[in-house]
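1. A structural model of the following input is requested.
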Amino acid sequence: MTAQFRIQRTTSPKPARAANETPAFGTVFTDHMCLIDFHEGKGWHDARIVPYGGMPADPASTVLHYGQAIFDGLKGFRGQDGVIRLFRPRAHAERLNRSAERLCIPALDVDTVVETFVRLVDIDRDWVPSAPGTAIYLRPTVIANENYLGVRPAHAYTYFLILSPVGAYYAEGTAPVAILVEDELVRAAPGGLGAAKTPANYAASLLAAERAKKKGYTQVLWLDAVHRKYLEEVGTMNIMVKIAGEVITPPLSDSILAGVTRDSVLTLLKDWGVKTSERPVSIDDVAEAAAKGTLEEMWGTGTAAVVSPVGRLGYKGKDITINGGKTGPLTQKLYDSITAIQYGKAPDPHGWTMPVMPAR
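-> This next block holds a predicted model:
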């Protein structure tokens, strides 16, 4: 893959002031996007930044018929010092390649992917919001685009990157959310696509999420596909519980996405000397701890929400209230610590942030 970029700037820029109007998550997009093509025998080539716009798809495009697509998501933050910092961009580029391997998509050069992040954010830096709790969301995506009807890996692909100024992911903001335990439908099964960030996983989650919303819950807590009792993920987040002073999170598997924020939280907990275990935890364990009064906190971790406290858990027609429905002290400390690093307000001992300096 070449790192030489062609750049075509828009002749009709949109007013970037919309970036500071904290639009609903993922509804406003910046002036430009990045594209890279792949053709068998030629590899990844023609990296370019062009005005944001439609991407015509042939009706026979393989992505429309066989779903060969992957994506990732990360954020950039404008600090009080004016510097824009990307949070763990290399980890996200590496995860994109892990998803690519599972979907039989050719690997991308990690350095080049990170460079697309930096270049596009730099070009559209006026779109990066500065209000507290806001960020620029980066969505790198790869789709198969060969015009062919037949079940096999495609011979042509397109990588694209788009940007969106965002505020809080959930309507509740950083307030505790209510989640419903899903013990009927399944998001991902062992040996499936659960560890890859691919559209199929999200399509599989929609029905349960809609059912949960109709019942007054914000998201769904998925259980494992085999026993229907072990915690796996919460909607778009990894899940963690604090029981009797111990933080427990399900171990990574081929049905659980390896969250970058999850890894960041586990690193901080280790730094702080908090007892932490990556092991299976069942919904019955959680219910029993609640009955005993040892269920202290519960939260989800993910790029979009960072750390989201769970205040109410619905299971088999009953609600479990966690920490009086309020954000727990460890949950708050994790959120405050990660966001302080993201906005450049605190030291970054693990080198998680990458500043995006203006091109000369």
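
2. Could you confirm A208 falls within a strand?
-> No. Judged by DSSP: H, G, I helix; E, B strand; the rest coil, A208 forms no part of a strand; its state is helix.

3. so where do the helices sit in the stretch 151-300 of the chain?
-> 199-214, 260-272, 283-292 (DSSP state H, counting those that start in this stretch).

4. Just the CA coordinates for the second one, please, in PDB.
-> Coordinates of the C-alpha atoms in helix 260-272 are reproduced here as PDB (Å, rounded to 0.1, in the frame of the first residue of the first chain):
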ATOM      1  CA  VAL A 260     -10.100  -0.800  23.200                       C
ATOM      2  CA  THR A 261     -11.900   1.000  26.000                       C
ATOM      3  CA  ARG A 262     -12.200  -2.300  27.900                       C
ATOM      4  CA  ASP A 263      -8.500  -2.800  27.700                       C
ATOM      5  CA  SER A 264      -7.900   0.800  28.800                       C
ATOM      6  CA  VAL A 265     -10.100   0.300  31.900                       C
ATOM      7  CA  LEU A 266      -8.400  -3.000  32.800                       C
ATOM      8  CA  THR A 267      -5.000  -1.300  32.600                       C
ATOM      9  CA  LEU A 268      -6.200   1.600  34.900                       C
ATOM     10  CA  LEU A 269      -7.600  -0.900  37.400                       C
ATOM     11  CA  LYS A 270      -4.300  -2.800  37.400                       C
ATOM     12  CA  ASP A 271      -2.500   0.500  37.900                       C
ATOM     13  CA  TRP A 272      -4.700   1.300  40.900                       C
END
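
5. and it, what's its mean pLDDT?
-> Across helix 260-272, the average pLDDT comes to 98.

6. Check the last one too.
-> Across helix 283-292, pLDDT averages out at 96.

7. With stretch 113-128 instead?
-> Stretch 113-128 shows a mean pLDDT of 97.

8. Name the surrounding residues that touch that stretch.
-> 3, 5, 7, 9, 16, 19, 30-34, 36, 47, 49, 74, 76-78, 84, 86, 89-90, 93, 96, 135-136, 138, 140, 159, 161, 163, 165, 354, 356-359 (Cβ atoms under 8 Å, 6 or more residues apart in numbering). Bear in mind the C-beta positions are built from the backbone N, C-alpha and C, glycine included.

9. from these, which ones fall inside strands?
-> Of the contacts of stretch 113-128, the ones assigned to strands by DSSP state E are 5, 7, 32-34, 36, 47, 49, 74, 76-78, 84, 86, 135-136, 138, 140, 159, 161, 163, 165, 354, 356.

10. Going through these, which ones are buried?
-> Buried subset of these (neighbour count, 16 or more other Cβ atoms under 10 Å): 5, 32-34, 36, 47, 49, 74, 76-78, 84, 86, 135-136, 138, 140, 159, 161, 163, 165, 354, 356.

11. any low-confidence regions in the stretch 251-360 of the chain?
-> Along the stretch 251-360 of the chain, segments meeting pLDDT under 70 span 360.

12. Would you quantify the distance from N238 to W352?
-> According to Cβ to Cβ, to the nearest Å, N238 and W352 sit 17 Å apart.

13. neighbour-wise, which of those two wins?
-> Set N238 next to W352 and count neighbours by other Cβ atoms under 10 Å: N238 wins out with 25 against 20.
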